[in-house]
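Q: Model the structure of this input:
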Amino acid sequence: MTEEASQEHYFGLPAAWFERADDEIDDVFYEHPRMVAHVDEATLSSLTDFYRNFVPAHADVLDLMSSWISHLPQELALSRVAGLGMNAQELTANTQLTEWCVQNLNRNPVLPYADGSFDRAMIVVSIQYLTHPVDVLRSVFRVLKPGGAIAIAMSHRLFPTKAIAAFQGMQRDDKMRLVGYCLQQSGFTDIQFHDESPPQADPLWILTATKQGDGGA
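A: Numbers count the residues shown, from 1 in each chain. This next block holds a predicted model:
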C-alpha cells in the first residue's frame, strides 16, 4: 500500500471495498487464455463507435488490462497500440497491438513505459479487478502526454471471485462515483460520464478524463 493508505482506509475509502473473495495470486486465475467476449456483440460495437470519436488518427494508444482484441476501429490508422494484460496467448492473438507485455497490476501498479508516452489510454470492463486502482491510475497519468485522456468502459458483468467488493454491492451511479473519485485522486480532470448502452443488450458505461495540458495534477 502507498503512504496514503492504511489498514482500514485506501485514499480515504474503506479498505474493505477493495477486498476480494479469491485472494489467490491473479497469475493463476489468468493462466489459461479466454478467447471470449465478456459482453454482448452490440455493446462491443457501441464501444468501437465511441472510440471513433475518442481516439484521434495516428495516436499512441495504451490498452491497459488488454486481451485478445482491443475493440479499436479497424479503419483507424494508429502510430502505436501497446497492450498490457495477464495472458501472453491472448495478447499474441490481438492483431491490433503493435507491442505487448504481461504484468499483474495488483502486484506491481507501476507501468513499464516512459513519462508522456501515450495520447490515449483505455481500460475495458476490467477496472473492477484492480485492488489498488488509484496507484494504477496515477501511473497511467504519468505515461499520458499532456492533454492526453483515458476512457474506462464498464458494464454489469464480472468474475465474482476476482472483482473487488465495492463493484459487487454498488449500483451503477455509485460505481461511477467511485471510479470518478479514483480518477480525481490520480490527477485527472474533466471527468465525464457517457452512457453508450445499446438497446436490449449489456449496458456500456464509460468515464473519460483528461491530463491537463500543463502536465500538472
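Q: CA only for contacts and neighbour counts going forward, please
A: Noted.
Q: Between the two ends of stretch 67-78, how far is it?
A: 18 Å (Cα to Cα, to the nearest Å).
Q: Looking only at that stretch, what residues are buried by neighbour count?
A: With burial defined by 16 or more other Cα atoms under 10 Å, the residues of stretch 67-78 counted as buried are 67, 68, 69, 70, 71, 72, 73, 78.
Q: pLDDT (mean, whole number) over it?
A: Here stretch 67-78 scores 95 as its mean pLDDT.
Q: From the chain's centroid, how far away is that stretch?
A: Between the centre of stretch 67-78 and the centre of its chain there are 16 Å (Cα atoms, centre = their mean, to the nearest Å).
Q: How about stretch 119-139?
A: 4 Å.
Q: just to revisit the earlier point, restricted to helices, list the buried residues of stretch 67-78.
A: Counting by DSSP state H, no part of the buried residues of stretch 67-78 is found in helices.
Q: Between these, which sits nearest residue 198?
A: Among the buried residues of stretch 67-78, residue 71 lies closest to residue 198 (Cα to Cα), at 15.8 Å.
Q: Residue 148 versus the spatially closest residue to the closest one that is not a sequence neighbour, what's the distance?
A: Excluding the flanking residues, the one nearest residue 71 by Cα to Cα, 6 or more residues apart in numbering is residue 48, at 5.5 Å. Counting by Cα to Cα, the separation of residue 48 from residue 148 is 19 Å.
Q: ok, the two, which is more surrounded?
A: residue 148 (24 against 17; other Cα atoms under 10 Å).
Q: So which elements touch the biggest strand by length in the chain?
A: With secondary structure taken from DSSP state E, the chain has its longest strand at strand 144-154. On a contact count with 3 or more Cα pairs under 8 Å, 6 or more residues apart in numbering; DSSP states H and E, strand 144-154 meets strand 118-124, strand 205-210.
Q: any idea how far the longest one is from the chain center?
A: Looking back up the chat, that one is strand 118-124. 8 Å.
Q: Give me the local confidence score for the nearest residue to residue 69 once chain neighbours are set aside.
A: Of all residues beyond its chain neighbours, the one nearest residue 69 is residue 94 (5.0 Å), with distances taken as Cα to Cα, 6+ apart. The model reports residue 94 with a pLDDT of 96.
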